[in-house]
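1. Curious how this folds, go ahead:
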Amino acid sequence: MRWIGLTGSWNYYRFNYNQEISLDVQNATIIKNFVQDWEVQDGVEEVISKDAGQKMKLMAEDLSVSDIKGLQSIKYSPKVQMLTNTNPVQWQTVVLNTATFSEYETINGQAPFSITFNMPSINIQTQ
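-> Next comes the predicted model:
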């Protein structure tokens with residue numbers, strides 16, 4: 001991953017090779033059909049569109065508190081990119097999810113760190 005840091009330069013970090021992928025489906029648009037003949041009607045409600053996209057969660061285990069503080073800027077950076085190809089080098093801009101993050105506990109010297117972002121939207125056919 002790379003992101004624009006507080007000084008305006010690119011920061012880089014290589015996360016674990018295992019990522020958690022989830023599917024986010026939202027905003028179903030439903031219409032209610034007028035029923036003239038109940039005998040041949042196949043349904044009253046019909047979904048005409050949905051939004052869907054994959055989310056990816058990147059994790060790093062047992063980071064020191066100073067490393068976590070250095071990585072925090074990825075969460076509020078205006079531009080975050082994921083490396084998608086190494087030859088030739090290609091970067092894909094991603095949008096990090098906004099939230100209140102629990103970063104670490106002061107009694108521990110190490111903690112896990114994770115970020116979740118949306119992958120490019122899925123093109124869904126509508127009715």
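2. hey, let's count contacts and neighbours off CA atoms from now on
-> Will do.
3. for this protein, what's the longest strand?
-> Ranked by residue count, the top strand of the chain under DSSP state E comes out as strand 45-64.
4. List the buried residues for the helix or strand harbouring Val94?
-> When elements are assigned from DSSP states H and E, Val94 belongs to strand 89-96. Buried residues in strand 89-96, counted by 16 or more other Cα atoms under 10 Å: 93-96.
5. Run me through the strand neighbours of the helix or strand following that strand, direction for each.
-> Tracing the chain past strand 89-96, the next element assigned as helix or strand by DSSP H and E is strand 110-118. Strand 110-118 has its sheet partners listed here by DSSP bridges as strand 45-64 (antiparallel), strand 89-96 (antiparallel).
6. Name the surrounding residues that touch strand 110-118.
-> By Cα atoms under 8 Å, 6 or more residues apart in numbering, the list of residues contacting strand 110-118 from outside reads 53-65, 68, 75, 94-97, 103-105.
7. ditto for stretch 81-95
-> Outside stretch 81-95, the residues that reach it (Cα under 8 Å, 6+ apart) are 1-3, 79-80, 117-120.
8. From these, keep the buried residues only.
-> Buried by 16+ other Cα under 10 Å: 1-3, 79-80, 117-119, out of the contacts of stretch 81-95.
9. What distance do you get for the nearest residue to Tyr13 once chain neighbours are set aside to Gln125?
-> Across the structure, with Cα to Cα, 6 or more residues apart in numbering as the measure, the residue nearest Tyr13 apart from its sequence neighbours is Met1 (5.5 Å). Relative to Gln125, Met1 is positioned 31 Å away (criterion: Cα to Cα, to the nearest Å).
10. picking up where we left off before, I'd like the buried ones among the contacts of stretch 81-95 as CSV, with distance to Tyr17 and pLDDT appended.
-> Conversion of those to CSV gives the following (distance: Cα to Cα, whole Å; pLDDT from 0 to 100):
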residue, distance to Tyr17, pLDDT
Met1, 12, 92
Arg2, 16, 94
Trp3, 19, 94
Lys79, 22, 93
Val80, 18, 93
Phe117, 16, 88
Asn118, 18, 85
Met119, 17, 81
